[in-house]
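Colleague: Take this sequence and fold it.
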Amino acid sequence: MNKFRFTIKVLAIAIFMFAFASLAQAQATRTWVSGVGDDANPCSRTAPCKTFAGSISRTATGGYINCLDPGGFGAVTITKAITIQCDEEIGHILPGVASAIIVNTPAGAVVTLRGLSLEGAGSGIHGISYVGFPGVLNVQEVVIHDFSQNGINFAPNGAGTAQLHVSEGSVIMNNNAGNINFAGILIKPTSGAIANVSINGVQLENNTNGVFADASGGGGISNFNVNNSRISNSSNVGIVVVSSGNSFSGMVNGTLINANNFGIALAGSGAALRLGGNTITHNSTGVSNSGGTLESFKNNQIVANTANGTPIPAVSVSGAILN
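Modeller: Numbers count the residues shown, from 1 in each chain. Model prediction:
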């Protein structure tokens, strides 16, 4: 009997070790995808997977997915901290009637997306949709175009502060097809979440709205900054802030806002926007404010619009320097 029990224990340990080894192999720190790969592969460099969805299940939390070639790697839902980076070979996603990337991560997770082309073809829903608990989303050198709703839908859900950083080299264009509720970048935190957003060196072209900061979802006090960017040819508004309750405050600096219907528009007592060093030109209306707080550092060029809009008062923040 003792010998039998010993044999059973040894067998159980062997099974456990085999399962553990298989799990460890399945959760590599770095995995690879290729247009000629196979999701039955281990997603190694020499035996890559075919899709991001196939690779993400084999990538450890905090790990990396790399592209070996410019393939079409399919839509993916991200549920953990991870980096998808295609620095040398662009990774393409053509999602069909779906969102290209859904980020639904736990609180505090950091997700970085780099070197991707997300192609909606008119039927994709969002390029990137962030609906998880507050964490960090970095978007670097990503092209997002032709989605039916938003290029980036930033809608963190739950208490806490979520961060979105969209940086140089990113282009967001031809999204929304005229629906005034959508945008190249929609910032709409829900369920008490706070959104801190930075947009730096980004081109937003031919969207219904360029950047839309919308506090109607019940989010907390939120802030966004647009720096050294270009927002053009929006059929509705280049940058729009709407809030009748919680404060939704933005700062726009060194940005060209041109050839939109409205260049800048605010609505509601909680909407606030400060402008410094921008060129707002060739819009139907340069600036419009309906009950919000719109202020200038007095170094903007608002010129050659069909209607420039009303004069903007100087920034009233204590300690601000107007140069």
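Colleague: would Ser55 count as being in a helix?
Modeller: Yes: Ser55: assigned to a helix according to DSSP: H, G, I helix; E, B strand; the rest coil.
Colleague: so it sits right up against Cys43, yeah?
Modeller: Yes: the pair Ser55 / Cys43 is scored as a contact, 4.7 Å apart, by Cβ atoms under 8 Å. In short, each C-beta sits where N, CA and C put it, glycine included.
Colleague: shared neighbours of the two, anything?
Modeller: 31-33, 49 (Cβ atoms under 8 Å, 6 or more residues apart in numbering).
Colleague: could you redo these as a markdown table and give each row distance to Gly270 and secondary structure?
Modeller: Below are the shared contacts of Ser55 and Cys43 laid out as a markdown table (distance: Cβ to Cβ, whole Å; DSSP: H, G, I helix; E, B strand; the rest coil):
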| residue | distance to Gly270 | secondary structure |
| --- | --- | --- |
| Thr31 | 44 | strand |
| Trp32 | 46 | strand |
| Val33 | 43 | strand |
| Cys49 | 46 | strand |
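Colleague: Among those, which one is most surrounded by other residues?
Modeller: Val33 (29 neighbours; other Cβ atoms under 10 Å).
Colleague: partners of that one in the sheet?
Modeller: Cys49, Cys67 (DSSP bridges).
Colleague: and it, what is it in contact with?
Modeller: 43, 48-52, 54-55, 65-68, 71, 73, 91.
Colleague: so where's the chain shaky on pLDDT?
Modeller: Applying pLDDT under 70 to the chain flags residues 1-26, 317-323.
Colleague: Centroid-nearest residue for it?
Modeller: The centroid of the chain falls nearest to Ile152 when counting by Cα atoms, centre = their mean (4.5 Å).
Colleague: first to last residue in stretch 37-56, what's the distance?
Modeller: 14 Å (Cα to Cα, to the nearest Å).
Colleague: Repeat that for stretch 97-117.
Modeller: From start residue to end residue, stretch 97-117 stretches across 17 Å - Cα to Cα.
Colleague: For it, buried residues please.
Modeller: 98-103, 105, 109, 111-117 (16 or more other Cβ atoms under 10 Å).
Colleague: Over to stretch 187-206?
Modeller: For stretch 187-206, by 16+ other Cβ under 10 Å, it's 187-189, 192-200, 202-206.
Colleague: One more: stretch 292-304?
Modeller: 292-297, 300, 302.
Colleague: same thing with stretch 50-64?
Modeller: So, applying 16+ other Cβ under 10 Å, buried residues of stretch 50-64: 50-56, 58-60, 63-64.
Colleague: now it: how far from the chain's centre is it?
Modeller: 19 Å (Cα atoms, centre = their mean, to the nearest Å).
Colleague: and what of stretch 144-151?
Modeller: With Cα atoms, centre = their mean, you get 12 Å for stretch 144-151.
Colleague: List every C-alpha atom in it, with coordinates, as CSV.
Modeller: Extracted in CSV, the C-alpha atoms of stretch 144-151 (Å, rounded to 0.1, in the frame of the first residue of the first chain):
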residue,chain,number,x,y,z
ILE,A,144,-5.8,55.2,-37.2
HIS,A,145,-8.2,55.8,-40.0
ASP,A,146,-11.7,55.2,-41.5
PHE,A,147,-13.5,53.9,-38.4
SER,A,148,-17.3,54.5,-38.0
GLN,A,149,-17.1,55.9,-34.5
ASN,A,150,-13.9,57.0,-32.7
GLY,A,151,-10.3,56.8,-33.6
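Colleague: what does that stretch rub up against?
Modeller: Contacts for stretch 144-151 (Cβ under 8 Å, 6+ apart): 99-100, 118-129, 152, 170-177, 179, 182-186, 204, 207.
Colleague: Report the buried members of these.
Modeller: 99-100, 118-120, 124-129, 152, 170-176, 182-186, 204, 207.
Colleague: Now, those that are in strands?
Modeller: When the buried ones among the contacts of stretch 144-151 are checked against strands (DSSP state E), the matches are 118-119, 128-129, 152, 171-173, 185-186, 204.
Colleague: how far does stretch 208-216 sit from the chain's center?
Modeller: Worked out by Cα atoms, centre = their mean, stretch 208-216 lies 13 Å from the chain centre.
Colleague: next one: stretch 155-170
Modeller: So, by Cα atoms, centre = their mean, the centroid of stretch 155-170 is 6 Å from its chain's centroid.
Colleague: Over to stretch 85-92?
Modeller: For stretch 85-92 - counting by Cα atoms, centre = their mean - the centre lies 17 Å from the chain centre.
Colleague: again, but for stretch 269-282
Modeller: On Cα atoms, centre = their mean, the centre of stretch 269-282 falls 22 Å from that of its chain.
Colleague: That stretch spans what distance, first to last residue?
Modeller: Termini of stretch 269-282 sit 28 Å apart (Cα to Cα).
Colleague: Then stretch 232-241?
Modeller: Stretch 232-241 end-to-end distance (Cα to Cα) = 17 Å.
Colleague: Give me the buried positions along that stretch.
Modeller: 232-234, 236-241.
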